[in-house]
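> Quick check, what structure comes out for this input:
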Amino acid sequence: MAKKVLVIGGGPGGATAATLLAKHGMEVQLLEREVFPRYHIGESLASACRVVLELSGAVQKVDAQGYPAKRGALLRWGQEEDWTIDWFELFGTNVSSWQVERADFDHLLLDHAAENGVDVRQGATVRKVLFRDEKPYAATWTDGATGETHTTEFDTVIDASGRAGVLASQQLRIRRHHEIFRNVALWGYWQGGATLPNTPSGGIDVISHPDGWYWVIPLREDRYSVGFVTHKNNFVERRPQYESPEEMLLSIVGESETVSDLVSTGTFTGQARIEQDFSYVADHFCGDGYYIVGDAACFLDPLLSTGVHLALYSAMLAAAAVLAEDRGQVKPEEALAFYETLYRNAYARLLVLVSGVYEQYKGKDSYFWLAQRMVRERERAEHSNAAFVSIVAGLSDLDDASVAGGTAVTDGLLDEAERAVEHVNANAPGGAASLAPLRIDPSDLHDRATGLYLITKPELGIGRDQPA
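Numbers count the residues shown, from 1 in each chain. Predicted coordinates for the structure are as follows:
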């Protein structure tokens, strides 16, 4: 009998996890609170996203949408010269992703899940996950169309409910915020515009400001997403100076000669949007009978455009863990440890880099050195920024998952994570501790000697290089 899996949330993480499980014979129901298409920010995708979407079978559908092909980024950061992240130059012409409109992109992935046999229910709000002997076994949910309440039983639940955090935030209450990254994003859209001259084809521009940073993203049909990210204290202080968010956005864009030049040939199309980008992390990402993926488990400041990557990467890992346990490839505790370690490693490594890059005065060489400390030896190349780019593109995470022993965090990451937390806390406003503990400790990690690694052929699962 096929194992029953409930997926809560139909964003990229939930839709992809559900698709991968259904393609491998699981009985999957997905409950999504909203009715798609729905607007969402997070338009610039890391190149590792393509790898996961190839695995789910959705990549050709995404390619057919005509999104701009993203081949890197350009950062005009601090007092330094521009530095370009060119995926083609570093990794070859097969490494790329897209600049997407999320309403369209997310809807495509959810429809793809349904086409692969997932029972997708939109307008379905999960009220509570029911536990028996500390293991979840069912969820009650309300059908928005009829108002009726239903109960779905399952063998495993994957919580991909995003920031709502059905398990981590609402029920288990294991989510903690990083005070230092209590940021606010303000953004809107321009018809017409440009990116900086040395930006790789389809790439994003990231431009620093004394109080934060800007993004400029080229979208389809000559549209540009332009936004500003700053700490909530700065936002709250400045907001009363303006009659509307639109006035505030246009004023802040005008403060940057670079950004105002880029949009000078375009026209602001109207609505400005505001969202809190408060970074957080759950104490644990899985447990007996459940996996927490994407933003439901952790959220990171969008500086390095890694949100969709973390969602898709964790979805792939969760699906692999569920399938591997069901086939007897690994023991239940091994499946959980495999997922917890790899996903937490990916999040922690990016958190360390974001923390470093926010210190604009240190310079890019310090970011590159930091990145070199957090990747495997073979990822270090003749280009000084190769390790940094590999991490930001999500390629280091894929490498960790696919290599035997890759479930162990490198010693360098352990050291640098601890140092980053200590440094950021010491320099936080008022000296108050501000980064929630990363909870990375060698005793928490899966034993390298097990040799567990991600396999994708002939089917998704977990391989074992050495006998346990």
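> could you point out the longest strand in the protein?
In the chain, taking DSSP state E as the definition, the longest strand is strand 175-191.
> Buried ones in that strand, by neighbour count?
Across strand 175-191, burial judged by 16 or more other CB atoms under 10 Å covers 175-176, 178-190. C-beta here means a position set from N, CA and C on the backbone, and glycine is covered the same way.
> same deal with stretch 322-338?
So, applying 16+ other CB under 10 Å, buried residues of stretch 322-338: 322-326, 329-330, 334-338.
> what ranges of the protein fall below the confidence cut-off?
Residues of the chain meeting the criterion pLDDT under 70: 1, 360-373, 375-384, 403-450, 466-468.
> All the helices of it, residue numbers only.
12-23, 48-56, 59-63, 87-91, 102-115, 232-238, 245-254, 257-262, 307-327, 332-358, 364-372, 386-392, 395-402, 411-426 (DSSP state H).
> who's in contact with the fourth one?
By CB atoms under 8 Å, 6 or more residues apart in numbering, the surrounding residues in contact with helix 87-91 are 47, 71-72, 95-96, 200, 381, 383, 385-386, 389-390, 393, 395.
> Need the winner for burial among the helices of the chain.
Mean neighbours per residue, mean count of other CB atoms under 10 Å, is largest over those for helix 12-23, with a mean of 30.
> ok and that helix relative to helix 102-115, angle-wise?
With axes from the mean of the first three to the mean of the last three CA atoms, to 10 degrees as the basis, helix 12-23 and helix 102-115 are set at 20 degrees to each other.
> Once you drop chain neighbours, what's closest to S56?
Nearest non-adjacent residue to S56, counting by CB to CB, 6 or more residues apart in numbering: T19, 4.7 Å away.
> my guess is that neighbour meets V59, correct?
No. Between T19 and V59 there is no contact under CB atoms under 8 Å: 11.9 Å.
> I'd like to know how far the residue minimising distance to the centre of the chain sits from L31.
Centroid-nearest residue in the chain: G307, 2.3 Å away (criterion: CA atoms, centre = their mean). Using CB to CB, to the nearest Å, G307 is found at 22 Å from L31.
> same deal with H178?
With distances taken as CB to CB, H178 is found 29 Å from L31.
> try A319
17 Å.
> Return the residues in contact with E27.
By CB under 8 Å, 6+ apart, the neighbours of E27 are 2-5.
> Separate out the buried members of those.
The neighbour-count criterion (16+ other CB under 10 Å) marks 3, 5 among the contacts of E27 as buried.
> Can you list which of the contacts of E27 are found in strands?
Using DSSP E, those in strands are 4-5.
> Of the contacts of E27, which is the nearest to R349?
R349 has its nearest neighbour among the contacts of E27 in V5, at 28.4 Å by CB to CB.
> Identify the residues contacting that closest one.
Residues near V5 by CB under 8 Å, 6+ apart: 18, 21, 26-29, 154-158, 322.
> now stretch 156-164, how far from the chain's geometric center?
Chain-centre distance of stretch 156-164: 14 Å, with CA atoms, centre = their mean, to the nearest Å.
> I158 pairs with what?
For I158, the beta-bridge partners under DSSP bridges are V7, Y291.
> hang on, the residue nearest to the centre of the chain packs against H40?
No. G307 lies out of contact with H40 (CB under 8 Å); the separation is 9.9 Å.
> Hmm, Q170 and A164 touching each other?
Yes. At 7.2 Å, A164 counts as touching Q170 under the criterion of CB under 8 Å.
> ok now do the closest residue to E255 other than its chain neighbours, which residues does it touch?
Of all residues not flanking E255 in the chain, H209 sits nearest, at 6.9 Å (CB to CB, 6+ apart). Contact partners of H209, counting by CB under 8 Å, 6+ apart, are 228, 230, 252, 255-256.
> cool, V7 as well?
Contacts for V7 (CB under 8 Å, 6+ apart) come out as 14, 17-18, 21, 28-31, 118, 157-158, 160.
> So what touches stretch 44-64?
With CB under 8 Å, 6+ apart as the criterion, stretch 44-64 contacts 16, 19-20, 23, 70, 73, 87, 91, 95-100, 105, 108-109, 112, 116, 204, 215, 217, 305-306, 308-309, 312-313, 315-316, 392-395, 397-398, 456, 460.
> For that stretch, measure first residue to last.
17 Å (CA to CA, to the nearest Å).
> With stretch 163-177 instead?
12 Å.
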